[in-house]
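S.K.: 3D model of this:
(4 chains)
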Number of protein chains: 2
Amino acid sequence: MGKGFVLVERDTKQRRAIREVFARERRPLSTDEVLAAGRMLVPSLGIATVYRNINSLADEGWIHSVELPGEPARYERCGKPHHHHFICRGCGSAFDVAACPEDVERLAPPGFTVDSHDLVLYGHCPGCRRT
Amino acid sequence: MGKGFVLVERDTKQRRAIREVFARERRPLSTDEVLAAGRMLVPSLGIATVYRNINSLADEGWIHSVELPGEPARYERCGKPHHHHFICRGCGSAFDVAACPEDVERLAPPGFTVDSHDLVLYGHCPGCRRT
DNA sequence: GGCTAAACGATAACCGATTATCAAGAGGCA
DNA sequence: TGCCTCTTGATAATCGGTTATCGTTTAGCC
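M.R.: Numbers count the residues shown, from 1 in each chain, chains lettered A, B, ... in the order given. Here you go, the predicted structure:
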């Protein structure tokens, strides 16, 4: 009957680094951002490992994907309260926006049922702002 | 010096059909929707022609692309007043939403400059609504 | 109608994003 | 430490969307 090796998840330094990256940054991160930040912790980190771990972290409900218009998915930690996103036209980074316009459901035309919504703000973040 | 053929745009039945499709539907249309609706008018219509004409109609400022989270671009006629979009979870169609939450700029955290915004509502359209 | 070049339609090629492959590396339990 | 298997990293393959190619069709001017 074998030795009963049923280890499902192995704790590697790469996986730890990727978790650490998401724990540090509260913003939604692209795969490239995760790769770049992860390499600060594990220089040999490869893009395939980033994708693999993002997928398994998403499967276990630790992160989830954030879809923004016209670009590949980003990922952020699960469990945040309802929020929206800001995209900086300067650096391309996404940031969280805690506020939410009230009564969004009322905006839909009669006959339409609204069950969720997404708001994306565009502009310049403090770092990219021309003073 | 030749015959002076400098005809830049030719009025074909395919192009007329595609314009007609956009003129009839006020919603943002995907390339597949344009193809399907266009074939009602010109059965032989091919996808390459749809892409070619969408690009030239966009270049001449008659339509423009609408990016929605996690899906390929759709296209709608230019010149509409400011509006947002509703995506039906049943049929996947996009619809216009005339209303707009006020004071969106105020939602951004301090230090962020907002110059535009996008709101997307999700739910069920009248046709897909379970009564 | 005849001519010429733009447009068409089928499909191959391309592109960026993501997944699969596989030899090498390394957790983790005896 | 030794072993076994999961994970990694490099990269090839894949995928959906879009663009390029090319022989055929056709709009538009004579």
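
S.K.: Name all residues that make contact with the nearest residue to A:His82 once chain neighbours are set aside.
M.R.: Spatially, and ignoring its direct neighbours in sequence, A:His82 is nearest to A:Cys100 (6.2 Å; CB to CB, 6 or more residues apart in numbering or on different chains). Any C-beta I mention is one placed from the backbone N, CA and C, and that applies to glycine too. For A:Cys100, the contact set (CB atoms under 8 Å, 6 or more residues apart in numbering or on different chains) comprises A:82-84, A:119, B:107.

S.K.: With respect to A:Arg16, which of the residues you listed is nearest?
M.R.: Nearest to A:Arg16 among the contacts of A:Cys100, counting by CB to CB, is A:His83 at 26.6 Å.

S.K.: tell me the pLDDT at the residue nearest to A:His82?
M.R.: Confidence at A:Cys100, expressed as pLDDT, is 94.

S.K.: just the one 4 residues further on next, same as before
M.R.: Per-residue confidence (pLDDT) for A:Val104: 91.

S.K.: Go ahead and list the helix or strand containing the residue nearest the centre of chain A.
M.R.: Nearest to the geometric centre of chain A sits A:Tyr75, at 1.9 Å (CA atoms, centre = their mean). A:Tyr75 belongs to strand A:74-77 when assigned by DSSP states H and E.

S.K.: Report the strands that pair with the following helix or strand past that strand, each with its relative direction.
M.R.: Next helix or strand after strand A:74-77 toward the C-terminus (DSSP H and E): strand A:84-88. With DSSP bridges as the test, strand A:84-88 is paired with strand A:94-97 (antiparallel), strand A:113-124 (parallel).

S.K.: Of all those strands, which one comes closest to DNA strand C?
M.R.: Of all those, strand A:94-97 sits nearest to DNA strand C, with 14.1 Å by CB to the nearest atom of the strand.

S.K.: what about chain A, any weak spots by pLDDT?
M.R.: Across chain A, the ranges flagged by pLDDT under 70 are A:1-8, A:131.

S.K.: DNA strand C contacts on that one?
M.R.: A:3, A:7, A:10-13, A:31, A:47-48, A:51, A:55, A:72-73 (CB under 7 Å from any atom of the strand).

S.K.: re earlier: with mean neighbour count as extra columns, can I get the strands paired with strand A:84-88 in CSV?
M.R.: Shown next, in CSV, are those (neighbours: other CB atoms under 10 Å in any protein chain shown):
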stretch, mean neighbour count
strand A:94-97, 19
strand A:113-124, 18
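
S.K.: Please identify which of those strands is closest to B:His64.
M.R.: strand A:113-124 (15.9 Å).

S.K.: Could you list the residues in contact with the closest one?
M.R.: A:68-69, A:84-90, A:97, A:100-101, A:104-105, A:107-108, A:130, B:69, B:86, B:89, B:101, B:104-105, B:107-108, B:112-124, B:129.

S.K.: Please apply the same query to stretch A:29-37.
M.R.: Outside of stretch A:29-37, the residues within contact range by CB under 8 Å, 6+ apart are A:18, A:21-22, A:24-25, A:45, A:47, A:50-51, A:54, A:71-76.

S.K.: Excluding covalently adjacent residues, which one is nearest to A:Ser65?
M.R.: A:Ala73 (4.3 Å).

S.K.: can you give me the helices in chain A?
M.R.: Counting by DSSP state H, chain A has helices at residues A:13-24, A:31-41, A:47-59.
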